[in-house]
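[1] need a 3D model of the sequence below.
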Amino acid sequence: MGKKRVNWGTIGFFVEMCALTLWVGGLIVIIAVVIPAVFNSFGMEPAGRFLRRVFDGYGYLNLGILCVLSLVACVRARTYGQDSTVLFSVTTSEWWLLGGMLLVTVSILGILGPQAVALQEEAFEAISKEQKELAYSQFFRLHMIVRALHLVNVGLAFSLFILKLRKILVLRLANAS
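    Coordinates of the predicted model:
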């Protein structure tokens with residue numbers, strides 16, 4: 001009886017699927033549970049500050065997930081190549097989706113997020129009604145873009161999830177025939 005080998009492709013696939021589930025599920029939980037609970041429990045200013053921290057944490061979690069996904073993809077590419085007929089190979093679509101996710105995440109964390117935080121603080125600190133309205137108007141305009149980018153990013157992550165799941169199902173069914 002020989003020693004059973006570990007299938008690193010299966011382990012990598014499992015890690016990637018868990019990471020993508022965390023990415024997509026995390027945003028769904030924040031939108032469906034955390035945001036309503038926070039705004040129903042606190043005033044606008046404390047809720048806004050709290051949710052800023054939540055989304056910062058979510059952004060850094062996504063950055064960590066991207067590191068894991070990229071590392072696993074590099075190992076898979078080196079081990080299995082880029083042939084779309086090989087089960088654990090890395091396809092060009094996967095690289096593009098990972099690149100898009102990275103671009104959007106870095107845009108949110110490094111560029112638009114800090115600008116939104118500055119505008120939010122400006123709105124919170126405004127004294128006159130006119131200043132407050134103007135600051136909130138500018139904040140919500142930029143915040144709308146950031147929210148849209150979060151949705152784009154979760155769409156990219158979900159697309160990557162579906163792409164991987166579809167590939168494994170199609171190739172498993174083809175090999176079973």
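[2] separation between W95 and M101?
    The gap separating W95 from M101 is 11 Å, by Cβ to Cβ, to the nearest Å. Every residue, glycine included, has its C-beta placed from N, CA and C.
[3] same thing with I127?
    With Cβ to Cβ as the criterion, I127 and M101 are 41 Å apart.
[4] which one's more surrounded, the two?
    Neighbour count, other Cβ atoms under 10 Å: between I127 and M101, M101 has more, with 26 against 7.
[5] leaving out sequence neighbours, find the closest residue to that one.
    L156 (4.8 Å; Cβ to Cβ, 6 or more residues apart in numbering).
[6] what does G12 give?
    G12 sits nearest to V72 (Cβ to Cβ, 6+ apart), 4.6 Å away.
[7] element containing the one you found?
    Element membership of V72, judged by DSSP states H and E, is helix 44-80.
[8] how about stretch 22-34: buried residues?
    22-24, 26-27, 30, 34 (16 or more other Cβ atoms under 10 Å).
[9] and if you look at stretch 72-87?
    72-73, 76-77, 80, 86-87.
[10] go on, stretch 103-118?
    Residues 104-105, 107-109, 112-113, 116-117 are the ones in stretch 103-118 that count as buried (16+ other Cβ under 10 Å).
[11] between those residues, which sits nearest V152?
    V104 (5.8 Å; Cβ to Cβ).
[12] can you redo the buried residues of stretch 72-87 as TSV with pLDDT and distance to L171?
    Below are the buried residues of stretch 72-87 laid out as TSV (pLDDT from 0 to 100; distance: Cβ to Cβ, whole Å):
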residue	pLDDT	distance to L171
V72	95	18
A73	94	17
R76	90	14
A77	91	17
Y80	87	12
V86	80	8
L87	80	5
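[13] make CSV from those residues and add distance to V38 to it.
    Output for the buried residues of stretch 72-87, formatted as CSV (distance: Cβ to Cβ, whole Å):
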residue, distance to V38
V72, 34
A73, 35
R76, 39
A77, 41
Y80, 44
V86, 46
L87, 43
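[14] now for those: which two are most distant?
    Going by Cβ to Cβ, the pair spanning the buried residues of stretch 72-87 furthest: V72 and V86, at 15.3 Å.
[15] would you map the helices across the chain?
    Here the chain has its helices, by DSSP state H, at 8-29, 35-41, 44-80, 92-106, 113-125, 129-176.
[16] hang on, the earlier thing: roughly how far does the residue nearest to M101 sit from G59?
    14 Å.
[17] the two: which is more packed in?
    More crowded of L156 and G59, by other Cβ under 10 Å: L156, with 22 against 19.
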